[in-house]
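Asks: 3D model of this:
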Amino acid sequence: MGTAIASGGAIEHIRHPLTGPAGETLGIDIAEFGPADAESLLMIVSGTHGVEGYCGSALQTHWLDGQLGTRPPGVRMVFVHALNPHGFAWVRRVNEDNVDLNRNFIDWSQPAPANPGYDTIADLLVPESWDPAEQERTTAALLEHAAEFGMDQLQADVSSGQYNHPTGVFYGGTGPTWSHDRLREICAARVGAASRVGIIDLHTGLGEWGHGELIGHHATDHPAHLRSLDWWGEVMSMVDGESVSASLQGDWLMRAEEWFGSAEVTAVALEYGTVDLVSVLQALRADAWLHAHGDPTGPDAVSVRAQVRAAFADDDPSWLVPVWSRFVEVVNHAFVALS
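Replies: Here you go, the predicted structure:
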């Protein structure tokens, strides 16, 4: 947040109750720029999925370093940095409870959704052992499952969200998490006088290498989706199967409209492709095994964390060039729509 302070932003730090792997303090940082009474608000969020914050943080910081002057005077900007600080620090996609935040925003007054497709392959996804023979056996079995039912069905079964396997992947939890509660508070506290709100939630791991797909969280005929098309021109609905993402249960952007009062909310995820889908899944399986059956501070942790980071953050400058260009394009389109 040093860049935000140097840029004259109003800064808030929300401390997380736990610490990082070296005992360091963790938290969510919030930086605000622009008039408090602005009628338009643009919120940019990084680190919803911990390790994906490497890219999100870089984009936020680089924008503050050189693009802050492009903010229209009537638009207030809010940067939320490291929504999932524990996952970010431990190089995990999930939080301190192995919860995927984008599966945690279901209606907790109702029973959690069932995912029988996940139940049938849960033991294959996160086996008790992660030795080479077991990796080979379980991976082959999952690929056989994909051959029988299709890769799209496997992706949906695995990643849409599950609530029965606490040590599994894409686990949604048993109730609102710490980050869930803080996000609601952040949004409600910052709507101010805004009648129009734009949200860009930054993600990595799905799609073509270096490509930034805008993902919508409503059906294609929903007014909010149609409005997002007016803003950005091309937004893929995950609900109607257009997106690289499966349709999710508990995604936070689906709930965001509830937290901004009467303001009109237009929200998208900006998803950058890294490696292939199988490599991403293998990294997540290794990470889940490490924290469920291994030792997160032991010798296996170094290689597993390196595998996870490589799946979600490409340090190749040739990857970062289109990633940055796309980010600036998406922010500028939001400025035009909000001005």
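
Asks: What count of nearby residues applies to residue 37?
Replies: By other CB atoms under 10 Å, 10 other residues sit near residue 37. For the C-beta atoms, the positions are set from N, CA and C on the backbone; glycine is no exception.

Asks: Ignoring the adjacent residues along the chain, who's closest to it?
Replies: Among residues not flanking residue 37 along the chain, residue 193 sits closest, at 4.6 Å (CB to CB, 6 or more residues apart in numbering).

Asks: Isn't the one you found up against residue 34?
Replies: No - in this structure residue 193 lies outside contact range of residue 34 using CB atoms under 8 Å: 11.4 Å.

Asks: does the residue lying farthest from the centre of the chain sit in a helix, a strand or a coil?
Replies: For the chain, the residue at maximal distance from the C-alpha centroid (CA atoms, centre = their mean) is residue 133, at 32.1 Å. Look at residue 133: counting by DSSP: H, G, I helix; E, B strand; the rest coil, its state is helix.

Asks: Any figure for the gap between the closest residue to residue 294 other than its chain neighbours and residue 167?
Replies: Leaving aside its sequence neighbours, residue 294 sits nearest to residue 300 (CB to CB, 6+ apart; 5.3 Å). Distance, residue 300 to residue 167, by CB to CB, to the nearest Å: 16 Å.

Asks: if we can go back for a sec, can you check the pLDDT for the residue farthest from the centre of the chain?
Replies: What the model reports as pLDDT for residue 133 is 97.

Asks: Also residue 5?
Replies: Reported pLDDT for residue 5: 57.

Asks: Spell out the secondary structure type for residue 199.
Replies: strand.

Asks: which SSE is the nearest residue to residue 308 once chain neighbours are set aside in?
Replies: Nearest residue to residue 308 in three dimensions, chain neighbours excluded: residue 283, at 4.7 Å (CB to CB, 6+ apart). Element membership for residue 283 (DSSP states H and E) is helix 277-293.

Asks: Mind listing what's buried along that helix?
Replies: Residues of helix 277-293 classed as buried: 277, 280-292 (neighbour count, 16 or more other CB atoms under 10 Å).

Asks: again, but for stretch 127-142
Replies: 127, 130, 135, 138, 142.

Asks: secondary structure element for the residue nearest to residue 37?
Replies: Going by DSSP H and E, residue 193 is not in any helix or strand.

Asks: Name the residues that touch stretch 130-142?
Replies: Stretch 130-142 has contacts (CB atoms under 8 Å, 6 or more residues apart in numbering) with 121, 124-125, 127, 154, 281-282, 285-286, 289-290, 293-294, 300.

Asks: My error: substitute stretch 9-23 in the last question.
Replies: Contacts for stretch 9-23 (CB under 8 Å, 6+ apart): 1, 4-5, 25-33, 64, 79, 85-86, 89-90, 96, 178, 182, 186, 296-297.

Asks: Just the closest of the buried residues of stretch 127-142 to residue 70, please.
Replies: Set against residue 70, the nearest of these by CB to CB is residue 142 (45.6 Å).

Asks: Please tell me I have it right and residue 263 contacts residue 191.
Replies: Yes - between residue 263 and residue 191 there is a contact under CB under 8 Å: 5.6 Å.

Asks: Overlap in contacts, these two.
Replies: 41, 197.

Asks: For my notes, confirm residue 270 occurs in a strand.
Replies: Yes - under three-state DSSP, residue 270 sits within a strand.

Asks: The closest residue to residue 233 other than its chain neighbours: how many residues sit nearby?
Replies: Spatially, and ignoring its direct neighbours in sequence, residue 233 is nearest to residue 333 (7.5 Å; CB to CB, 6+ apart). By other CB under 10 Å, the residues close to residue 333 number 16.

Asks: Checking my notes, residue 333 in a helix, right?
Replies: Yes - applying three-state DSSP, one finds residue 333 inside a helix.

Asks: Pick out the least confidently modelled helix or strand of this protein, by mean pLDDT.
Replies: Least confident element among the helices and strands of the chain, by mean pLDDT, DSSP states H and E: helix 2-6 (a mean of 59).

Asks: Can you show me the helices along the stretch 51-200 of the chain?
Replies: Shown for the stretch 51-200 of the chain, the helices assigned by DSSP state H, counting those that start in this stretch span residues 53-66, 85-89, 116-125, 132-149, 151-159, 178-190.

Asks: Buried ones in the third one, by neighbour count?
Replies: Taking 16+ other CB under 10 Å as the neighbour-count basis, helix 116-125 is seen to contain the buried residues 117-118, 121-122, 124-125.

Asks: So of these, which two are at opposite extremes in space?
Replies: Most distant of the buried residues of helix 116-125, by CB to CB, are 117 and 124, 12.2 Å apart.

Asks: that older thread, reformat the helices of the stretch 51-200 of the chain as a markdown table; add distance to residue 102.
Replies: Listed next are those as a markdown table, based on distance: least, CB to CB, whole Å:
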| stretch | distance to residue 102 |
| --- | --- |
| helix 53-66 | 14 |
| helix 85-89 | 12 |
| helix 116-125 | 16 |
| helix 132-149 | 22 |
| helix 151-159 | 10 |
| helix 178-190 | 10 |
